[in-house]
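Q: A structural model of the following input is requested.
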Amino acid sequence: MLPPKVTVCALSYNTGEYTELAIRSALASNYPNLEIICIDDGSTDSSPELLDDLARELGFKFYRNEKNTGIPESCNLGLDLAEGKYFILIGDDIMLPNRIDGDVEILEANPSIGFVCGRARLIGHDGQALKGYEEWSSRGPEGLFQENPEGVWSRGSKIFTPTASYRTATLRSLGGWDTQFDTEDKPMFISERISGWGRNEITTLYRKHEKNYSKRFRPGALRDEVELLERFGIKVPRWAVILRLLSRAHFWMLFLNFSGQEARLALEIAGKGKLAWTTSSKGFKAIYLASTCLFRPNRAVTRHTARYFRGR
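A: Numbers count the residues shown, from 1 in each chain. The predicted structure is shown next:
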């Protein structure tokens with residue numbers, strides 16, 4: 001007798017070579033009842049052709065959006081097409097052999113939970129452990145847990161999406177991914193208090209590379225923070241909102257162009273537009289970057305900050 005069918009939905013946007021590796025890692029698990037769906041979200045490079053050829057070779061379903069619709073829309077398309085009892089999203093990451101069997105075992109043994117998430121280890125574009133992070137792995141809850149709005153806003157979601165396996169019926173009962181949010185990371189589970197399960201095992205290799213979606217400056221991700229407050233009526237001081245948005249903006253300011261537009265938009269979204277003009281000054285950037293190094297001391301931040309002050 002076959003185990004429950006699992007749908008693995010692979011999303012790609014100009015990352016065809018990494019998506020191919022992700023798909024092959026899912027197939028390498030040798031899970032006997034697997035459905036693969038691949039969705040290209042309007043790529044502008046050769047990814048669609050590469051993935052279409054791969055679909056013909058390996059026999060999975062391939063769909064191509066004519067234009068880039070965003071991650072939540074593509075997630076929902078995959079969910080509409082899915083035939084599996086369980087649903088997994090992948091993009092450019094590698095699933096380890098223990099992932100699918102272990103997640104299905106937990107979901108089958110706990111019919112009241114809606115999802116399982118594990119831990120991840122960082123790899124670079126070449127698939128090797130990221131230098132300086134060889135022993136690092138993501139941390140999350142162990143055993144049964146629930147999300148709550150205040151916790152998601154103040155500390156972030158406990159669900160590390162690249163490691164998550166979902167109950168398809170639960171996703172559909174919640175209406176799928178919320179397209180008002182910028183990414184799939186904002187959990188849909190908090191409004192209904194859906195329980196999940198945390199595995200204290202590394203199940204996924206999380207790939208960091210220049211095409212990562214998280215490395216694109218997205219004002220929508222800042223607006224998500226305010227939307228979460230308003231939707232769930234979370235009461236926090238205005239200064240906390242400002243600091244939160246500036247903290248979110250620091251990544252793009254450090255790793256992209258240091259133009260100050262990231263922090264400027266953060267202040268505008270926080271309702272402090274009159275202060276926004278100061279963010280392009282050298283004094284603001286010096287203070288901002290110095291405080292970043294103070295509160296987030298790690299090798300990458302130090303390296304990028306040094307490059308900035310040398311006149312990148």
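Q: Contact partners for I234?
A: 149-150, 153, 228 (CB atoms under 8 Å, 6 or more residues apart in numbering). Every residue, glycine included, has its C-beta placed from N, CA and C.
Q: quick check, it in a helix?
A: No. Residue state for I234 (DSSP: H, G, I helix; E, B strand; the rest coil) corresponds to coil; a helix is not indicated.
Q: Return the distance of it relative to T168.
A: For I234, the distance to T168 equals 30 Å [CB to CB, to the nearest Å].
Q: What of L107?
A: 10 Å.
Q: Check Q146 too.
A: Q146 is 20 Å from T168, where distance means CB to CB.
Q: Name whatever forms a beta bridge with R64.
A: Listed beta-bridge partners, R64: D40 (assigned using DSSP bridges).
Q: How many residues are close by it?
A: The burial count assigned to R64 is 16, neighbours taken as other CB atoms under 10 Å.
Q: Let me see the ranges of the helices in this protein.
A: Per DSSP state H, the chain carries helices over the ranges 16-27, 47-58, 71-81, 99-109, 149-155, 168-173, 219-232, 238-252, 261-269, 273-276, 282-295, 299-309.
Q: Could you list the domains of the protein?
A: 6-207, 237-309 (automatic domain parsing).
Q: about what we covered before: give the intersection of the neighbour lists for L107 and T168.
A: Common contact partners of L107 and T168 (CB under 8 Å, 6+ apart): Y86.
Q: Name the residue in these two with the higher neighbour count.
A: Per other CB under 10 Å, whichever of L107 and T168 has more neighbours is L107, with 22 against 19.
Q: just checking, the more buried one touches A164?
A: No. Contact criterion CB atoms under 8 Å: L107 and A164 do not qualify, at 11.2 Å.
Q: Residue ranges in the chain under the pLDDT threshold?
A: 134, 182-189, 191-192, 209-220, 247-248, 250-312 (pLDDT under 70).
Q: change it to 50
A: Applying pLDDT under 50 to the chain flags residues 312.
Q: G16 versus P72, what's the distance?
A: Noted for P72: a distance of 21 Å to G16, by CB to CB.
Q: Same check on K131?
A: According to CB to CB, K131 and G16 sit 25 Å apart.
Q: So for the two, which residue has more residues nearby?
A: G16 (23 against 10).
Q: Can you give me the neighbour number for the residue nearest to the more buried one when sequence neighbours are not counted?
A: The shortest distance from G16 to any non-neighbouring residue, by CB to CB, 6 or more residues apart in numbering, is to S47 (3.0 Å). S47 is flanked by 22 other residues according to other CB under 10 Å.
Q: Also D178?
A: Neighbours of D178 (other CB under 10 Å): 18.
Q: same check, this time on V236
A: 13.
Q: which residues sit in contact with the nearest residue to it once chain neighbours are set aside?
A: Nearest residue to V236 in three dimensions, chain neighbours excluded: L229, at 6.7 Å (CB to CB, 6+ apart). By CB under 8 Å, 6+ apart, the residues touching L229 are 153, 236, 241.
Q: Let me have those residues in TSV, adding distance to L58 as columns.
A: As requested, these are exported to TSV (distance: CB to CB, whole Å):
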residue	distance to L58
W153	41
V236	48
V241	47
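Q: which one of these is nearest G118?
A: Each of those was scored against G118 by CB to CB, and W153 proved nearest at 23.8 Å.
Q: Can you give me the end-to-end span of stretch 66-75?
A: Stretch 66-75 has an end-to-end distance of 16 Å (CA to CA, to the nearest Å).
Q: before we move on, what about stretch 225-239?
A: End-to-end distance for stretch 225-239, by CA to CA: 14 Å.
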